[in-house]
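Asks: Kindly generate the corresponding structure for this input.
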Amino acid sequence: MKRGRIVLIQIFVVAVLLVKMAAVGEMFNLFRMGGWTLWEVETALAQAPAAKPAVTASAVSTPKDAFDDGLKKERDLYAVLEQRRKELDSREAALKAEEQRLSSLKEEIVEKIDSLKTLEQKLNVTAEAQKTEENKRFKELAKVFEATPPAKVGPVLEKLDLKTAAGITMNMKKDKAGLIWGYLSPQRAVEITREITRAPIPPSEQ
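Replies: Just a heads-up that it's a prediction; the model follows:
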């Protein structure tokens, strides 16, 4: 009985040894991948330089850095847009002020034009009244001169201002006025005639 137990124990030990040897052989095969031995692997690892990191820690861009950069760009863009808005608002205010100034100036000009038109109408009415009154006076004087002998009328017309002499002569009857010409100097007769026709007198004849 004891002998059978010893045999079983020996068989178990042998089986354990075989399993360990198989495991060691498998590890040896792994080290020989690509034709490399365990000693070669250890030598290569010892001689290989330490791997350098591709980038330093300071150069690594984190999500927070990207967020900060985006936020800064948005702030810069907002500042530019805000400055542009202020410039546009300033220009708009200046244009509105200029528009109001031009509108006020236009109103002043229109008022002045209306005032000038009103004044012109008044002056025209006054001038027409004066002309009517003047013509009435000339007609009355013409009647007096028609009743006066031509020999006395001629010297009077020589002394009167040109406008009055022409006005009186123009309102006299043609036959009466014709008799007066013989008592006027040729120069005075020409001046009265040109005043009646409102023709300018040449400097050589003045």
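Asks: just for this protein, where's the confidence low?
Replies: The chain contains residues with pLDDT under 70 at 1-61, 199-206.
Asks: now do 90
Replies: 1-136, 138, 141, 146, 170, 174-182, 193, 195-206 (pLDDT under 90).
Asks: That one: helices as residue ranges?
Replies: With DSSP state H as the criterion, the chain has helices at 2-31, 38-47, 63-146, 150-159, 162-171, 174-180, 186-197.
Asks: by contact count, what packs against the fifth one?
Replies: When you say that, I think you mean helix 162-171. If you count contacts as 3 or more CB pairs under 8 Å, 6 or more residues apart in numbering; DSSP states H and E, helix 162-171 packs onto helix 63-146, helix 150-159, helix 186-197. Where C-beta positions appear, they are placed from N, C-alpha and C, glycine not excepted.
Asks: mind listing what's buried in it?
Replies: 165-171 (16 or more other CB atoms under 10 Å).
Asks: now swap in the shortest one and tell me
Replies: Applying a neighbour-count criterion of 16+ other CB under 10 Å, the buried positions in helix 174-180 are 176-177, 179-180.
Asks: now residue 137: how far from residue 103?
Replies: Distance of residue 137 to residue 103, given as CB to CB, to the nearest Å: 51 Å.
Asks: actually residue 192, not the one I wrote
Replies: 56 Å.
Asks: higher neighbour count, the two?
Replies: Each of residue 192 and residue 103 has its neighbours counted (other CB atoms under 10 Å); residue 192 has more, 25 against 10.
Asks: right, and the more buried one touches residue 168 too?
Replies: No - judged on CB atoms under 8 Å, residue 192 makes no contact with residue 168 at a distance of 9.3 Å.
Asks: intersection of neighbour lists for those two?
Replies: Common contacts of residue 192 and residue 168 (CB atoms under 8 Å, 6 or more residues apart in numbering): residue 157.
Asks: Could you find the closest non-adjacent residue to residue 139?
Replies: residue 171 (4.7 Å; CB to CB, 6 or more residues apart in numbering).
Asks: Go ahead and confirm the one you found touches residue 137.
Replies: No - counting by CB under 8 Å, residue 171 stays clear of residue 137, with 9.5 Å between them.
Asks: Torsion angles phi and psi at residue 148?
Replies: phi -100, psi 140 (degrees, to the nearest 10).
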